[in-house]
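Trainee: Predicted model and sequence follow; I will ask about them next.
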Amino acid sequence: MGVYELEDFLRFKGISKCFGATRAVNNVNLSIKRGEIFSLLGPSGCGKTTLLRMLAGFETPTQGSIILGGTDITDVPANKRKVNTVFQSYALFPHMTVRENIAYGLTIAHEPKELIREKVDQMLTMIQMQEHANKKPSQISGGQKQRTAIARALVLKPEVLLLDEPLAALDLKLRQKMLMELSLIHDEVGITFIYVTHDQGEAMSISDRIAVMNNGHIEQVGTPAEIYEAPRSSFVAAFIGDTNFFDGKISKVIDAEYCILDVPDLPPILCFNDKKLALGANVHLSIRPEKFQISLEKPQVSDKYNVLEGKVEDVVYQGDHTKYWVTIADDWKIALTRQHTRFMLDEKPITWNDHVFVYWFADDGFMLDRYSVEDEDLLQVPPQAVGETEIDDAAIAELPNATMLNIQQEDEQ
Amino acid sequence: MNSTRKKTLREVLLTIPSFVWLTVFFLLPTLIIFAIAFKPASFDGRVADGWTWRTLLSLRNPNYPQIIWRTVWLSLATTVISLAVSIPIAYYIARCAAWKRNLILFLTIIPFWTSFLIRIFAWKAVLHPDGFLKHAMVFLHLIDNDTLLLYRPEAVLIVMIYTELPFAILPIYAAAEKFDFALIEAALDLGASKLKAFFDVFIPGIKAGVVSACLMVLIPSFGSYVVPDVVGGLGSEMIGNVIVARTFTDRNLPAASALASVLILALLIPMLYFLKGKKQGQNEPKPAKEVV
């Protein structure tokens, strides 16, 4: 992370966009600093791409204005904005070579031939594509196309670079590599990057700040750590990573910092009261799976810990960690993960049906400002255990076919 | 080795039907026409025995250069104007909502449901000296009452464009429909004006469609004789009309063949040259002739 000029370099002021009756973007206000990598993160259809297209100039806002470096650019056409885009499908011109693609913007600007050559060579060096300069886009790989698209946009020295799901078309390994390359390129050119993605991992690893979007509005803006550790709404908590929700009522305010939360069927829960909630307030508490600890014996912990007793419902071993679902007081199912720090085979593992103690430090829970029941659908659910559910014969009959289909698809690739 | 041979055999077998078809119905007739051009004509309208160069001398007819020139410019003008009209139309259709797109394509194809001849005669009514269009134009002082809309090369041009337009729109649309319009946004994003993006990105993107539209308009235009015959006057004859006159009026098949051979070669040689160039271009999308 670099040092920012503390100015509002790029501002969205009350931006809305309607397509017919649907509001794709609803009253968005955002301030983006010069030189930062800012991500717009959200599920598909949340309005992030529409917001980006308005910034690029491909869509006109129904309401509101966009200010870039102090100038209102709301009505400036796309070809006059100092903003360039890396498209999701790259949109490289198929009839031009890599070199011609990168040079296109400079040619349009009528720069002298020598200068164009020099600038394009510089870009080719930066993206390490010198030996592919005279190939057509159909002759280079996905990663190379991606780099060419980035170079084509960057060669114009835009004030803001827009990246629309730039890695979506690449496979996982290449995606991680390109993410690091993007980060390096950003360090080198130092301009503002606006990065649109639905992949929280990408957003977390590359961004200085993230705006989480849902249904056309912004749920929360913050650094990756803020978004993860202190989610403001149940949507953010459930969309970024996984979590557990507890809804209850404040039954006692202990001091300026702590309070007691009464959750039906559970013992009183000690909470860190950063929201300064009063007695009787209804609140939702979010606790991340990795904040829990689990043990077979009753833990010896301070009174700042909450301890619950339950039965292990499911265990999913994932190599570096194990995921447990623990049922507490019949109604509550807690998802928690345990990092393996020791050689697993030496331990006495916690397994299915074990009676366990689940405990966490009071400060590790976070109270949510906004809560919506639908967001619970975003949570990871335990895998269906065989024997517990009714077996659907039709579903079983379809199983082998489905498996074969998958294999065929893999073969085709 | 064996498998490649098998593959070649299969390819040959699959090619045989179209090869036979083209040989019987295209190649042989063409060769027969070339051959008859070197035959003497008999007085009763048949092809006489023996071989002669004399028929070719009939090509030196002093009226021909003018007619050939007219054929060339009418065909080229038909092609250029048809393309100029079709490309924006195809662009528009490709960007339309699906229902609108189908409607426009349907409207494009609808004229084919009526006989070609009837449509040409309908134009005769439209352009008639007592027709609505003439009266409207006189009323608006665009032309005076003595000007004829019918029986002149311009009338031929208008009607030829009318008949050829669908053959230009459909292949260009087929190419435009596959075009990735994000490329236009990319060009705008890089600073190009809309017009520049259109010519730099869209036109090269639909090149294959434009080329096949070009051929599909140019070739029939060169050989057209019904349109100049019906809506054209004495000064609107094209090569096609002359060939018809030699065949049916003069009953001189060798002279007609000689002229037809010139027409075929005039189209074939540039086309073969062009196809050779295209093969080097490789993997261009196949022109969608099947649509028509």
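Mentor: Done, it's in.

Trainee: buried set for stretch A:239-253?
Mentor: The neighbour-count check on stretch A:239-253 (16 or more other Cβ atoms under 10 Å in any protein chain shown) flags A:239-246, A:248, A:250, A:253 as buried. For the C-beta atoms, the positions are set from N, CA and C on the backbone; glycine is no exception.

Trainee: again with stretch A:336-354
Mentor: A:336-338, A:350, A:354.

Trainee: ok, the buried residues of stretch A:239-253 vs B:Ile110, which is closest?
Mentor: Set against B:Ile110, the nearest of the buried residues of stretch A:239-253 by Cβ to Cβ is A:Phe239 (51.9 Å).

Trainee: Skipping adjacent residues, who's closest to that closest one in space?
Mentor: A:Leu378 (5.6 Å; Cβ to Cβ, 6 or more residues apart in numbering or on different chains).

Trainee: So B:Leu28 lies in a helix, does it not?
Mentor: Yes: with DSSP: H, G, I helix; E, B strand; the rest coil as the criterion, B:Leu28 is part of a helix.

Trainee: roughly how far apart are it and B:Leu22?
Mentor: Between B:Leu28 and B:Leu22 the distance is 9 Å, computed by Cβ to Cβ, to the nearest Å.

Trainee: Would you mind listing what in chain A touches chain B?
Mentor: With Cβ under 8 Å from any Cβ of the partner chain as the criterion, chain A comes near chain B at residues A:56-58, A:77-80, A:83-85, A:87, A:89, A:91-95, A:104-105, A:108-109, A:138, A:152-153, A:156.

Trainee: go with 6 Å
Mentor: Neighbours of chain B within chain A, by Cβ under 6 Å from any Cβ of the partner chain: A:58, A:78-79, A:84-85, A:87, A:89, A:91, A:93, A:95, A:104-105, A:108-109.

Trainee: Now list the buried members of those.
Mentor: The buried subset of the residues of chain A next to chain B - by 16+ other Cβ under 10 Å - is A:58, A:78-79, A:84-85, A:87, A:91, A:93, A:95, A:104-105, A:108.

Trainee: list the contacts for the residue nearest the centre of chain B?
Mentor: Against the mean C-alpha coordinate of chain B, by Cα atoms, centre = their mean, the closest residue is B:Val217 at 2.5 Å. B:Val217 makes contact with B:79, B:82, B:164, B:167-168, according to Cβ atoms under 6 Å, 6 or more residues apart in numbering or on different chains.

Trainee: Equivalent analysis for A:Arg11, please.
Mentor: By Cβ under 6 Å, 6+ apart, A:Arg11 lies in contact with A:31, A:67.

Trainee: So it: helix, strand or coil?
Mentor: strand.

Trainee: Which pLDDT value goes with it?
Mentor: With respect to pLDDT, A:Arg11 scores 92.

Trainee: does it have beta-bridge partners, and which?
Mentor: Listed beta-bridge partners, A:Arg11: A:Ser31, A:Ile67 (assigned using DSSP bridges).

Trainee: Next one: it from A:Lys33, what distance?
Mentor: 11 Å.

Trainee: and whichever residue of the stretch 1-150 of chain B sits closest to chain A, how many neighbours?
Mentor: As assessed by Cβ to the nearest Cβ, chain A sits closest to B:Ala97 within the stretch 1-150 of chain B, at 12.0 Å. By other Cβ atoms under 10 Å in any protein chain shown, the residues close to B:Ala97 number 8.

Trainee: next one: A:Glu188
Mentor: A:Glu188 has 10 nearby residues by other Cβ under 10 Å.

Trainee: where does the stretch 51-200 of chain B dip in pLDDT?
Mentor: Within the stretch 51-200 of chain B, not a single segment meets pLDDT under 70.

Trainee: Could you list the residues of chain B in contact with chain A?
Mentor: So chain B meets chain A at B:182-183, B:185-186, B:188-192, B:201, B:204 (Cβ under 6 Å from any Cβ).

Trainee: can you put those residues in JSON lines and add secondary structure?
Mentor: JSON lines is the format used below for these (three-state DSSP):
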{"residue": "B:Ala182", "secondary structure": "helix"}
{"residue": "B:Leu183", "secondary structure": "helix"}
{"residue": "B:Glu185", "secondary structure": "helix"}
{"residue": "B:Ala186", "secondary structure": "helix"}
{"residue": "B:Leu188", "secondary structure": "helix"}
{"residue": "B:Asp189", "secondary structure": "helix"}
{"residue": "B:Leu190", "secondary structure": "coil"}
{"residue": "B:Gly191", "secondary structure": "coil"}
{"residue": "B:Ala192", "secondary structure": "coil"}
{"residue": "B:Val201", "secondary structure": "helix"}
{"residue": "B:Pro204", "secondary structure": "helix"}
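
Trainee: tell me which of those residues is nearest to B:Tyr273?
Mentor: Distances from B:Tyr273 to the residues of chain B next to chain A, taken by Cβ to Cβ, are shortest for B:Pro204, at 20.9 Å.

Trainee: Find the nearest non-adjacent residue to the closest one, please.
Mentor: Nearest one to B:Pro204, counting by Cβ to Cβ, 6+ apart, is A:His95 at 4.3 Å.

Trainee: measure that neighbour to B:Ile87 for me?
Mentor: Distance from A:His95 to B:Ile87, by Cβ to Cβ: 16 Å.

Trainee: likewise B:Asp229?
Mentor: Applying Cβ to Cβ to B:Asp229 and B:Ile87 gives a distance of 30 Å.

Trainee: In terms of neighbours, single out the busier of these two.
Mentor: Using other Cβ under 10 Å as the criterion, B:Asp229 and B:Ile87 rank with B:Ile87 on top: 23 against 17.

Trainee: and the more buried one, what element?
Mentor: Following DSSP states H and E, one finds B:Ile87 within helix B:64-95.

Trainee: Can you name every helix or strand that that helix contacts?
Mentor: helix B:153-178, helix B:207-223 (3 or more Cβ pairs under 6 Å, 6 or more residues apart in numbering or on different chains; DSSP states H and E).

Trainee: Highest mean neighbour count out of these?
Mentor: helix B:153-178 (a mean of 23; mean count of other Cβ atoms under 10 Å in any protein chain shown).

Trainee: ok, back up a step: I'd like to know which of the buried residues of stretch A:336-354 is nearest to chain B.
Mentor: Nearest to chain B among these: A:Thr337, at 40.5 Å, using Cβ to the nearest Cβ.

Trainee: Tell me what the closest one is bridged to.
Mentor: Going by DSSP bridges, A:Thr337 forms beta bridges with A:Lys323.

Trainee: if I pick it, what's in contact with it?
Mentor: A:289-290, A:321, A:323.

Trainee: same deal with B:Val244?
Mentor: B:Val244 neighbours (Cβ under 6 Å, 6+ apart): B:Tyr225.

Trainee: For it, pull up the helix or strand it's in.
Mentor: Secondary structure (DSSP H and E) places B:Val244 in helix B:239-244.

Trainee: On the three-state scheme, the nearest residue to B:Glu185 once chain neighbours are set aside is what?
Mentor: Among residues not flanking B:Glu185 along the chain, A:Phe58 sits closest, at 5.6 Å (Cβ to Cβ, 6+ apart). Under the three-state scheme (three-state DSSP), A:Phe58 adopts coil.

Trainee: What score does A:Phe58 have for pLDDT?
Mentor: 93.

Trainee: ditto for B:Leu218
Mentor: At B:Leu218, pLDDT is 92.

Trainee: Tell me how far it lies from B:Pro270.
Mentor: Taken as Cβ to Cβ, the span from B:Leu218 to B:Pro270 is 10 Å.
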